[in-house]
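K.L.:
Please find the sequence and the predicted model below.
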Amino acid sequence: MKNLVVIQNDEHTLRKERWTKDLSLEQRRLEIEERKLQWEQEKQIMFCDVNALDDDQRTYVLAKRAQFAKMASISSSGGGSVGETSDAADFSSV
């Protein structure tokens, strides 16, 4: 009977370890997907034709480009970490 309890505890531990590993892998996959989407949005802003935009859109795009350039400059110089932006922009109008 004691062996049964030990076996059940071992199985529970293994399941918990497997679940933790699966969770870690899923979080990593989501981080990669999020970064991929962020990169696609940055590309859309960096390579859009500002001549086809109205004044407000042009101002927004130019400000975002400046922000991207500043972040790239900071990260390439090794001067500290670059924080994530808190604004989730909708780029459908760009």
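P.N.:
Received the coordinates, thanks.
K.L.:
What is the neighbour count of residue 48?
P.N.:
16 (other C-beta atoms under 10 Å). C-beta coordinates here come from the backbone N, C-alpha and C atoms, glycine included.
K.L.:
Could you list every helix and strand that the lengthiest helix in the chain packs against?
P.N.:
If you go by DSSP state H, the chain has its longest helix at helix 2-46. Helices and strands touching helix 2-46, by 3 or more C-beta pairs under 8 Å, 6 or more residues apart in numbering; DSSP states H and E, are helix 55-77.
K.L.:
Now the helix it packs on - C-alpha only, PDB.
P.N.:
This file holds the C-alpha atoms of helix 55-77, laid out as PDB (Å, rounded to 0.1, in the frame of the first residue of the first chain):
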ATOM      1  CA  ASP A  55      -1.500  65.500 -41.800                       C
ATOM      2  CA  ASP A  56      -2.500  63.700 -38.600                       C
ATOM      3  CA  GLN A  57      -1.500  60.300 -40.000                       C
ATOM      4  CA  ARG A  58       1.800  61.700 -41.300                       C
ATOM      5  CA  THR A  59       2.500  63.200 -37.900                       C
ATOM      6  CA  TYR A  60       1.800  59.900 -36.200                       C
ATOM      7  CA  VAL A  61       3.900  57.900 -38.600                       C
ATOM      8  CA  LEU A  62       6.900  60.300 -38.400                       C
ATOM      9  CA  ALA A  63       6.700  60.200 -34.600                       C
ATOM     10  CA  LYS A  64       6.600  56.400 -34.500                       C
ATOM     11  CA  ARG A  65       9.500  56.300 -36.900                       C
ATOM     12  CA  ALA A  66      11.500  58.600 -34.600                       C
ATOM     13  CA  GLN A  67      10.600  56.400 -31.700                       C
ATOM     14  CA  PHE A  68      11.800  53.200 -33.500                       C
ATOM     15  CA  ALA A  69      15.000  55.000 -34.500                       C
ATOM     16  CA  LYS A  70      15.600  56.000 -30.900                       C
ATOM     17  CA  MET A  71      15.000  52.500 -29.600                       C
ATOM     18  CA  ALA A  72      17.300  51.000 -32.300                       C
ATOM     19  CA  SER A  73      20.000  53.500 -31.300                       C
ATOM     20  CA  ILE A  74      19.700  52.700 -27.600                       C
ATOM     21  CA  SER A  75      19.800  49.000 -28.200                       C
ATOM     22  CA  SER A  76      22.700  49.100 -30.600                       C
ATOM     23  CA  SER A  77      24.800  51.200 -28.300                       C
END
